[in-house]
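Student: one predicted model, sequence on top.
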Amino acid sequence: MNKNEVVARQLKGALDFPLTPVALSFCEDLPEDIPEFEGSVPAGCSFWEEAARGIFVTSTKDHKLCAIGIHTHNLVQPSESYQGELREVLQAMSGLDYVREEEIAQIPVLDREVKHLVYGPLAELPMGPDIVLLFAQAQQGLIISEAVQRVDKNSAPAMGRPACAVIPQVMNNGKAAVSLGCCGARTYLDALSDDVALWALPGGKIEQYCEQIVILAKANKTLTLFHQKRKRDVALGERPSVQESLARVFK
């Protein structure tokens with residue numbers, strides 16, 4: 001069992017995510033043993049959900065319908081129409097007061113050009129991941145946030161539109177971030193339901209995050225039982241001390 005598979009199994013055992021953990025890896029050359037993506041997607045974020053089904057590699061041409069994604073991922077050699085399409089979509093968003101001109105420069109963009117992206121389930125990725133994506137419900141996100149704070153020594157920033165900007169945010173800074181998505185990603189991705197947010201973790205530290213997630217998931221389970229018993233006892237008219245409540249959990 002390789003390292004990626006071990007981590008994926010540990011994550012699943014600690015937190016039963018609504019979608020299997022997926023991973024991204026950036027590469028200069030097309031890997032010989034990984035199939036190129038076939039088909040068409042309306043936006044680059046669609047690849048995240050496709051990645052749960054199997055491994056594939058993309059190039060700029062596969063992202064051609066997503067000018068924003070090409071921009072945030074700094075993909076090389078986009079089509080001749082790319083700049084015009086990017087201007088049009090930004091103008092449309094600006095006209096709706098969705099993104100203001102001064103906010104455009106604040107959108108994270110990968111700090112180096114990208115030629116190819118490998119996507120796939122973390123457990124099946126044949127190389128080290130650059131980014132690991134976790135689709136997590138609120139309670140799961142609580143535990144991830146505690147693990148991230150322990151590893152990164154600070155809280156993860158919560159990001160909004162565009163959802164794809166979470167990738168360069170994490171790649172450029174080397175620290176985890178959470179994306180609340182955007183209306184586009186929440187339309188294109190079935191996994192990004194109303195109760196789910198997307199966590200992006202730098203792949204180089206995934207074992208550290210995983211170790212803490214496992215520890216904190218167990219601790220949260222025990223403390224939840226403590227609070228449940230304490231709530232019930234107080235509702236019954238009792239006034240237990242903390243020591244008494246703890247004793248009832250660990251008896």
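Tutor: Here it is on my side, so go on. Numbers count the residues shown, from 1 in each chain.
Student: burial of Glu101, as a residue count?
Tutor: Glu101: 9 surrounding residues under other Cβ atoms under 10 Å. C-beta: built from backbone N, CA, C; applies to glycine.
Student: do the same with Pro78
Tutor: Neighbours of Pro78 using other Cβ under 10 Å come to 18.
Student: likewise the one 10 residues further on?
Tutor: Residue neighbour count, defined by other Cβ under 10 Å, stands at 12 for Glu88.
Student: SS state for it?
Tutor: With DSSP: H, G, I helix; E, B strand; the rest coil as the basis, Glu88 sits in helix.
Student: repeat that for the one 10 residues further on.
Tutor: For Tyr98, the secondary structure call by three-state DSSP comes out as coil.
Student: after the stretch of helix or strand Glu102 belongs to, heading C-terminal, what element do we hit next?
Tutor: Assigned by DSSP states H and E, Glu102 belongs to helix 101-104. Downstream of helix 101-104, the first helix or strand assigned by DSSP H and E is strand 116-121.
Student: partners of that next one, with directions?
Tutor: According to DSSP bridges, strand 116-121 forms sheet pairs with strand 22-27 (antiparallel), strand 56-58 (antiparallel).
Student: what is the longest helix of this structure by residue count?
Tutor: helix 206-235 (DSSP state H).
Student: one step back: need the mean per-residue confidence for the helix holding Glu102.
Tutor: The pLDDT scores in helix 101-104 average 82.
Student: next structured bit after the longest helix of the chain?
Tutor: Under the assignment DSSP H and E, the closest C-terminal helix or strand after helix 206-235 is helix 242-250.
Student: ok so, going back, now the longest helix of the chain: mean pLDDT?
Tutor: Helix 206-235 shows a mean pLDDT of 93.
Student: report all helices and strands that it contacts.
Tutor: Other helices and strands packing on helix 206-235, by 3 or more Cβ pairs under 8 Å, 6 or more residues apart in numbering; DSSP states H and E, are helix 3-14, helix 138-152, helix 242-250.
Student: Pro202: which of these is closest?
Tutor: For the helices and strands packed on helix 206-235, the distance to Pro202 is smallest for helix 138-152, at 9.0 Å, taking Cβ to Cβ.
Student: can you give me the buried ones in the closest one?
Tutor: Using 16 or more other Cβ atoms under 10 Å as the test for burial, helix 138-152 gives Gln140, Gly141, Ile143, Ile144, Ser145, Glu146, Ala147, Val148, Val151, Asp152.
Student: can you check stretch 218-229 too?
Tutor: Neighbour counts over stretch 218-229 (16+ other Cβ under 10 Å) mark Asn220, Lys229 as buried.
Student: which residues touch that stretch?
Tutor: Defining contact as Cβ atoms under 8 Å, 6 or more residues apart in numbering, one finds that stretch 218-229 is touched by Ala14, Leu142, Ile143, Glu146, Ser245, Leu246, Arg248, Val249.
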